[in-house]
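Colleague: Here's a sequence, model it:
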Amino acid sequence: IVSLSGCAEVPEDYPEEFYYIEQDTNEFDDFYKTVIRNGEPLTVYKGENIVLAINKETFDVKEYVYKQSSLIGKIYDLATGYMIVNVNVFDYSHSYDESNYNKLKEENYIVELVNISDYIEDAELKEWYDLYPEKFNNKTNGITQRRWLLNANPLLAEFITKRIGHGWEKDLTKLKGLEKFVDDDESLTELINIKMENKQVLSDFLKHTQNEFLDPESIFDVQVKRLHEYKRQLLNILHVMYLYNRLVEDPDYNPPARTFIFGAKAASGYRRAKTIIKLINTVAERINNDRRVRGKIRVVFVENYRVSVAEKIFPAADVSEQISTAGYEASGTSNMKFMVNGALTLGTMDGANIEIVEEAGKENAFVFGHLTEEIKQMEREHSYNPQQYLDSNPALARVVEQLVDGTYDPTHQIFKELYDSLVYGVEGQRADVYYVLADFDSYCKAQERIAAEYMDKKLWAKKTLINIANSGKFSSDRTIEDYVRDIWKIKKLEVK
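Modeller: Predicted structure coming up:
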């Protein structure tokens with residue numbers, strides 16, 4: 001057992017069980033280290049951006065932030081952000097069972113929870129971080145359940161209170177108590193009915209405000225957020241175009257009916273974002289007026305997306321589209337609003353999606369796409385070639401070509417910039433800056449999984465309830481508590 005020699009200065013209130021490192025050496029001076037946590041030995045292995053602490057008996061995983069500086073590493077505890085100890089950087093590959101390690105990796109236990117922090121500290125604000133490392137930390141943001149659940153979804157709020165009582169309105173972690181009802185048929189049936197009523201409310205609203213006719217029995221697949229290329233509304237609508245092609249041309253293809261709902265606003269001078277809005281509306285007009293696919297697919301762009309409309313959309317959603325390019329989203333909050341209202345996440349391992357998947361379980365979400373490290377590697381090596389994805393996937397090549405072949409625009413010009421941005425690159429940028437083509441196939445496969453699982457209503461309702469029960473972390477109350485404890489360091493004033 002080696003004491004704190006080489007360890008950074010640690011706050012007095014930091015748990016002392018993190019202070020001890022066990023070091024084993026071999027004849028080559030390679031070594032692994034074991035953190036003693038609460039008396040439990042956890043072997044530490046070096047990863048790309050983090051260190052994993054894995055229980056050697058159970059293979060339970062604890063994650064630690066790994067910062068590399070020359071040949072010195074630093075291990076931080078993710079729960080507190082405090083640095084545990086400096087360690088020399090070696091290859092620890094000899095000291096773990098590789099098959100178990102790979103299994104954990106496949107199940108996304110190895111996640112880049114700190115990618116945005118890494119990016120800020122290692123690139124964007126590196127000089128400032130080098131000067132003032134103690135001033136840098138991150139806090140997962142949150143939403144207020146009083147607005148987005150209690151006020152926006154009174155039916156679900158009543159469902160919750162009936163089962164676990166009051167208290168969740170001020171402490172969202174109490175929703176965990178709903179987990180004991182995940183196998184209760186009566187609860188699942190009631191949850192299905194609540195979702196259907198909320199879908200009918202949204203359908204009635206859009207009928208009266210936009211003359212849109214939605215089928216509440218269809219899957220409500222929703223992407224509502226600021227329009228930006230990295231959020232990849234373009235990926236979503238390209239898939240809609242692909243699905244439309246397939247429905248028209250393959251009479252044997254009969255997936256459950258889908259309603260794709262978009263809501264977004266673009267910055268006033270953001271021309272390409274506004275062109276994506278134009279594309280969504282153009283595709284919607286084409287599909288919604290084609291009798292061949294009536295009752296199978298519909299596309300709706302919600303006008304003037306705003307909070308009052310969002311309060312109707314979140315309770316009605318079945319699928320939460322969180323499909324930003326991995327490594328680009330700091331957190332996001334629409335994903336949290338969807339989760340607490342019982343929508344299942346279709347997303348990349350990006351932003352708070354990572355934590356949503358951790359809380360609810362990967363089996364209760366639909367994860368797709370390249371990981372942040374894979375994206376970073378392609379960027380470092382300049383190895384990304386979008387043409388290879390077009391060459392290997394004729395269905396993808398076709399929908400991209402439809403942007404300029406007259407299918408949706410007889411002038412062949414309106415969507416040419418979008419086409420060029422994907423295939424050639426525009427304004428000095430390389431082609432497909434946000435890896436839309438690279439993730440297209442994985443996205444389509446995730447959508448197929450959604451279609452298959454939605455057919456089992458009870459299974460879908462069970463996944464819905466598990467998501468709701470595990471959304472407690474994402475309350476803004478918890479975010480403020482984190483600020484009070486770690487940043488402001490202020491005492492609470494009790495009001496009697």
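
Colleague: where do the strands sit along this protein?
Modeller: 21-25, 31-37, 40-46, 50-55, 61-69, 72-77, 83-88, 219-224, 258-263, 297-301, 319-322, 344-347, 366-367 (DSSP state E).

Colleague: For stretch 469-481, list every residue counted as buried.
Modeller: For stretch 469-481, the neighbour count (16 or more other CB atoms under 10 Å) marks 469-479 as buried. For every residue, glycine as well, the C-beta is placed using N, CA and C.

Colleague: so how far is the longest helix belonging to the chain from its chain's centroid?
Modeller: The single longest helix within the chain, with elements called by DSSP state H, is helix 185-210. Distance of helix 185-210 from its chain centroid, counting by CA atoms, centre = their mean, to the nearest Å, is 25 Å.

Colleague: got the buried residues of stretch 469-481 as JSON lines, with pLDDT and distance to residue 197 columns?
Modeller: Formatted as JSON lines, those follow (pLDDT from 0 to 100; distance: CB to CB, whole Å):
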{"residue": "469", "pLDDT": "98", "distance to residue 197": "21"}
{"residue": "470", "pLDDT": "97", "distance to residue 197": "23"}
{"residue": "471", "pLDDT": "97", "distance to residue 197": "20"}
{"residue": "472", "pLDDT": "96", "distance to residue 197": "24"}
{"residue": "473", "pLDDT": "94", "distance to residue 197": "27"}
{"residue": "474", "pLDDT": "96", "distance to residue 197": "24"}
{"residue": "475", "pLDDT": "97", "distance to residue 197": "25"}
{"residue": "476", "pLDDT": "96", "distance to residue 197": "27"}
{"residue": "477", "pLDDT": "96", "distance to residue 197": "28"}
{"residue": "478", "pLDDT": "94", "distance to residue 197": "30"}
{"residue": "479", "pLDDT": "94", "distance to residue 197": "31"}
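
Colleague: and of the residues you listed, the nearest to residue 216?
Modeller: When the buried residues of stretch 469-481 are compared for distance to residue 216 (CB to CB), residue 471 wins out at 23.5 Å.

Colleague: what residues are up against the closest one?
Modeller: Listed by CB atoms under 8 Å, 6 or more residues apart in numbering, the contact partners of residue 471 are 172, 175, 336, 339-340, 359-360.

Colleague: cool, and residue 421?
Modeller: Going by CB under 8 Å, 6+ apart, residue 421 touches 272, 429, 431-433.

Colleague: what's the closest of those residues to residue 121?
Modeller: Using CB to CB, residue 433 comes nearest to residue 121 of the contacts of residue 421, at 23.3 Å.

Colleague: count of residues packed around that closest one?
Modeller: When counting by other CB atoms under 10 Å, one arrives at 16 neighbours for residue 433.

Colleague: correct me, but it touches residue 229?
Modeller: Yes: applying CB atoms under 8 Å, one finds residue 433 in contact with residue 229, separated by 7.0 Å.

Colleague: now the helices: where do they sit in the stretch 201-350 of the chain?
Modeller: 233-249, 271-288, 307-316, 334-340 (DSSP state H, counting those that start in this stretch).

Colleague: Now render those helices as a markdown table, adding distance to residue 462.
Modeller: Shown next, in a markdown table, are the helices of the stretch 201-350 of the chain (distance: least, CB to CB, whole Å):
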| stretch | distance to residue 462 |
| --- | --- |
| helix 233-249 | 26 |
| helix 271-288 | 32 |
| helix 307-316 | 19 |
| helix 334-340 | 15 |
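
Colleague: what's the most buried one of those?
Modeller: A comparison of the helices of the stretch 201-350 of the chain by mean neighbour count, using mean count of other CB atoms under 10 Å, puts helix 334-340 on top with a mean of 27.

Colleague: returning to what we had before: what's the closest of the helices of the stretch 201-350 of the chain to residue 414?
Modeller: Residue 414 lies closest to helix 271-288 among those, at 6.6 Å (CB to CB).

Colleague: what angle separates the closest one from strand 297-301?
Modeller: 140 degrees (axes from the mean of the first three to the mean of the last three CA atoms, to 10 degrees).

Colleague: What mean pLDDT does helix 271-288 get?
Modeller: The average pLDDT for helix 271-288 rounds to 98.

Colleague: Give me the contacts around that helix.
Modeller: Applying CB under 8 Å, 6+ apart, the contact partners of helix 271-288 are 227-229, 233-234, 237, 240-241, 244, 262, 264, 266-267, 293, 297-301, 403, 408-409, 414-415, 417-418, 421.

Colleague: which of these are buried?
Modeller: Neighbour-count burial (16+ other CB under 10 Å) is assigned, among those, to 227-229, 233-234, 237, 240-241, 244, 262, 264, 266, 293, 297-301, 403, 408-409, 414-415, 417-418, 421.

Colleague: how about the CA coordinates for stretch 449-469, as CSV?
Modeller: What follows is stretch 449-469, C-alpha atoms only, in CSV (Å, rounded to 0.1, in the frame of the first residue of the first chain):
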residue,chain,number,x,y,z
ARG,A,449,-35.5,-2.1,-34.2
ILE,A,450,-37.9,0.5,-33.2
ALA,A,451,-40.5,-0.7,-35.7
ALA,A,452,-40.1,-4.3,-34.5
GLU,A,453,-40.3,-3.5,-30.8
TYR,A,454,-43.2,-1.1,-31.0
MET,A,455,-45.4,-4.0,-32.3
ASP,A,456,-45.2,-5.5,-28.7
LYS,A,457,-47.2,-2.9,-26.8
LYS,A,458,-46.6,-4.3,-23.4
LEU,A,459,-42.8,-4.6,-24.0
TRP,A,460,-42.8,-1.0,-25.2
ALA,A,461,-44.8,0.2,-22.2
LYS,A,462,-42.4,-1.6,-19.9
LYS,A,463,-39.4,0.2,-21.5
THR,A,464,-41.4,3.4,-21.2
LEU,A,465,-41.9,2.9,-17.5
ILE,A,466,-38.3,2.0,-16.9
ASN,A,467,-37.2,5.3,-18.6
ILE,A,468,-39.6,7.3,-16.5
ALA,A,469,-38.5,5.6,-13.3
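
Colleague: Check which residues of it are buried.
Modeller: Residues 450-451, 454, 460-469 are the ones in stretch 449-469 that count as buried (16+ other CB under 10 Å).

Colleague: returning to what we had before: got the buried residues of stretch 469-481 as JSON lines, with distance to residue 438 columns?
Modeller: Shown next, in JSON lines, are the buried residues of stretch 469-481 (distance: CB to CB, whole Å):
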{"residue": "469", "distance to residue 438": "34"}
{"residue": "470", "distance to residue 438": "30"}
{"residue": "471", "distance to residue 438": "30"}
{"residue": "472", "distance to residue 438": "34"}
{"residue": "473", "distance to residue 438": "30"}
{"residue": "474", "distance to residue 438": "29"}
{"residue": "475", "distance to residue 438": "35"}
{"residue": "476", "distance to residue 438": "34"}
{"residue": "477", "distance to residue 438": "38"}
{"residue": "478", "distance to residue 438": "35"}
{"residue": "479", "distance to residue 438": "33"}
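
Colleague: so which pair among these is furthest apart in space?
Modeller: Most distant of the buried residues of stretch 469-481, by CB to CB, are 469 and 479, 19.8 Å apart.

Colleague: ok, back up a step: closest one to residue 154 among the helices of the stretch 201-350 of the chain?
Modeller: helix 307-316 (9.1 Å).

Colleague: name the helices or strands packed onto the closest one?
Modeller: Contacts defined by 3 or more CB pairs under 8 Å, 6 or more residues apart in numbering; DSSP states H and E place helix 307-316 against helix 185-210, strand 219-224, strand 258-263, helix 334-340.

Colleague: Between helix 185-210 and that helix, find me the angle.
Modeller: 150 degrees.

Colleague: correct me, but residue 302 touches residue 206?
Modeller: Yes: judged on CB under 8 Å, residue 302 makes contact with residue 206 at a distance of 7.2 Å.
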